[in-house]
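Trainee: Kindly return the folded structure for what I paste below:
(one chain, ligands or ions: 1)
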Amino acid sequence: MHSSIKIGLFFLFLTIFGTGCTKHQKETRPIVSVTTFPLYDIVKHIAGDSVKIVHILPFGVEPHEYEPTPKIVASIEKSALIFYSGAGLEPWTAGFHFKQRAVNMSQYVALNHFEKTRAIDPHYWLDFQNMKKAVTLITRELIQITPKYKQKYIKNEKAYLEMLEKLDEKFKITLAHCNRDTIIVNHNAFGYLAKKYGFGVASLSGLSPEAQPNAKNIIRLIETIKEHNVSTVFFEDFASDKAIKGIANATHTAVDVLKPLGNITADEAKENLSYEAMMQINLQKLSKALSCH
Ligand SMILES: [Zn+2]
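Mentor: Okay, the predicted model is just below:
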């Protein structure tokens, strides 16, 4: 065989077999970007592997006042569909020019206001009826971008809605009879749960966990703890626990973690923990703190 033909064949084989082995499989699925963990959990359960999900907020980062990096902005721009939480949770979305369909989920749910300031409470995903509205809307939007999976999505939607209904029932039953009526938390994220299941919440800081706790608030919380015979003060993953632990020490109360679930930790993401699993844990902790029976 002539040597130039040999070389030619060599390159031919390299093209056929070589590149197939070294190059990554090309991503052909549509990209769906979400800003928060509850939206991530819904898209994951409805769409499964049929879309590529980008969690805009990196796991382990506090969701309030987060600003996306240029790399994340680039991935947002490649998305076929974007879901963001809205109601003031992501200030960056206000000035952002979305090139694709971007759905502000807060427009499709029932929003509460904070009692004192009358500002909108953005933590609406801690209301299972709101989650159901989000599930139905997300399913509809996913069918628009990948209609061939319509039947699968509708089946998954049904299962997710049933799961939420069961969670709601379990919260109702578990929290129906309790000896205490108030919980203490780091930031004011649990208003939806409190309203639905009939308990009180006092928080160290307001809407966002970054707000600096002040002496007046600490004194007010200590009074609330005594007045309501509070057993437990809760802190959260993405904020300093110093002030909360100080209050617990001063009042001889227990400390525990309660999860607002706007985001989850990197470890929880690795363990594939679901919204359902984490709400079950939240329920156990609430039930214990409120001495329910
Ligand atoms: Zn929050």
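
Trainee: shaky segments in the stretch 1-150 of the chain?
Mentor: Applying pLDDT under 70 to the stretch 1-150 of the chain flags the ranges 1-24.

Trainee: all helices for it, in order.
Mentor: Under the criterion DSSP state H, counting those that start in this stretch, the stretch 1-150 of the chain contains helices at 3-13, 19-22, 37-47, 70-77, 128-145, 150-174.

Trainee: Off-centre distance for the fourth one?
Mentor: Helix 70-77 sits 20 Å away from the centroid of its parent chain (CA atoms, centre = their mean, to the nearest Å).

Trainee: What residues of it count as buried?
Mentor: 72, 75-76 (16 or more other CB atoms under 10 Å). All C-beta atoms are positioned from the backbone trio N, CA, C, and that covers glycine.

Trainee: Just the CA coordinates for it, please, in CSV.
Mentor: What follows is helix 70-77, C-alpha atoms only, in CSV (Å, rounded to 0.1, in the frame of the first residue of the first chain):
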residue,chain,number,x,y,z
PRO,A,70,-20.9,36.5,34.2
LYS,A,71,-20.6,32.7,33.7
ILE,A,72,-24.1,32.1,35.1
VAL,A,73,-25.4,35.0,32.9
ALA,A,74,-24.0,33.2,29.9
SER,A,75,-25.8,30.0,30.8
ILE,A,76,-29.1,32.0,31.4
GLU,A,77,-28.8,33.3,27.9
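
Trainee: Can you name every helix or strand that it contacts?
Mentor: strand 31-34, strand 52-55 (3 or more CB pairs under 8 Å, 6 or more residues apart in numbering; DSSP states H and E).

Trainee: which one of the ones you listed is the most hemmed in?
Mentor: strand 31-34 (a mean of 24; mean count of other CB atoms under 10 Å).

Trainee: hmm, who's touching that one?
Mentor: Contacts of strand 31-34 with the rest of the structure, by CB atoms under 8 Å, 6 or more residues apart in numbering, involve 40, 43, 47, 51-56, 75-76, 78-84, 142, 145.

Trainee: Buried among those residues? Make that a PyMOL selection.
Mentor: Only the buried entries of the contacts of strand 31-34 go into this PyMOL selection, using 16+ other CB under 10 Å:
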select buried, resi 40+43+47+51+52+53+54+55+56+75+76+79+80+81+82+83+84+142+145
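
Trainee: Quick one: the helices and strands packed on helix 70-77 as a markdown table, columns for distance to Asp256 too.
Mentor: Output for the helices and strands packed on helix 70-77, formatted as a markdown table (distance: least, CB to CB, whole Å):
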| stretch | distance to Asp256 |
| --- | --- |
| strand 31-34 | 28 |
| strand 52-55 | 26 |
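
Trainee: Hmm, Thr182 and Phe199 touching each other?
Mentor: Yes: using CB atoms under 8 Å, Phe199 is in contact with Thr182, at 6.6 Å.

Trainee: hang on, Cys292 packs against Ile173?
Mentor: No: counting by CB under 8 Å, Cys292 stays clear of Ile173, with 9.5 Å between them.

Trainee: Break this protein into its domains for me.
Mentor: 31-172, 177-289 (automatic domain parsing).

Trainee: Distance across the longest one, terminal residue to terminal residue?
Mentor: In this case it means domain 31-172. For domain 31-172, the first and last residues are 37 Å from each other (CA to CA, to the nearest Å).

Trainee: chain center to it: distance?
Mentor: The mean C-alpha position of domain 31-172 is separated from the chain mean by 8 Å, CA atoms, centre = their mean.

Trainee: Neighbours of Ile143, how many?
Mentor: 19 (other CB atoms under 10 Å).

Trainee: Report the separation between Thr251 and Ile218.
Mentor: 11 Å (CB to CB, to the nearest Å).

Trainee: ok, now Glu141?
Mentor: Where Ile218 is concerned, Glu141 sits at a distance of 44 Å (CB to CB).

Trainee: Pick out whichever of the two has more residues nearby.
Mentor: Glu141 (19 against 16).

Trainee: contacting residues for that one?
Mentor: By CB under 8 Å, 6+ apart, Glu141 lies in contact with 81, 83, 101, 103.

Trainee: Now distance to Thr224 too, for those, in CSV please.
Mentor: Listed next are the contacts of Glu141 as CSV, based on distance: CB to CB, whole Å:
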residue, distance to Thr224
Leu81, 44
Phe83, 36
Arg101, 45
Val103, 38
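
Trainee: returning to what we had before: closest to Gln25 out of the domains of the chain?
Mentor: Comparison of those against Gln25 by CB to CB identifies domain 31-172 as nearest, at 12.0 Å.
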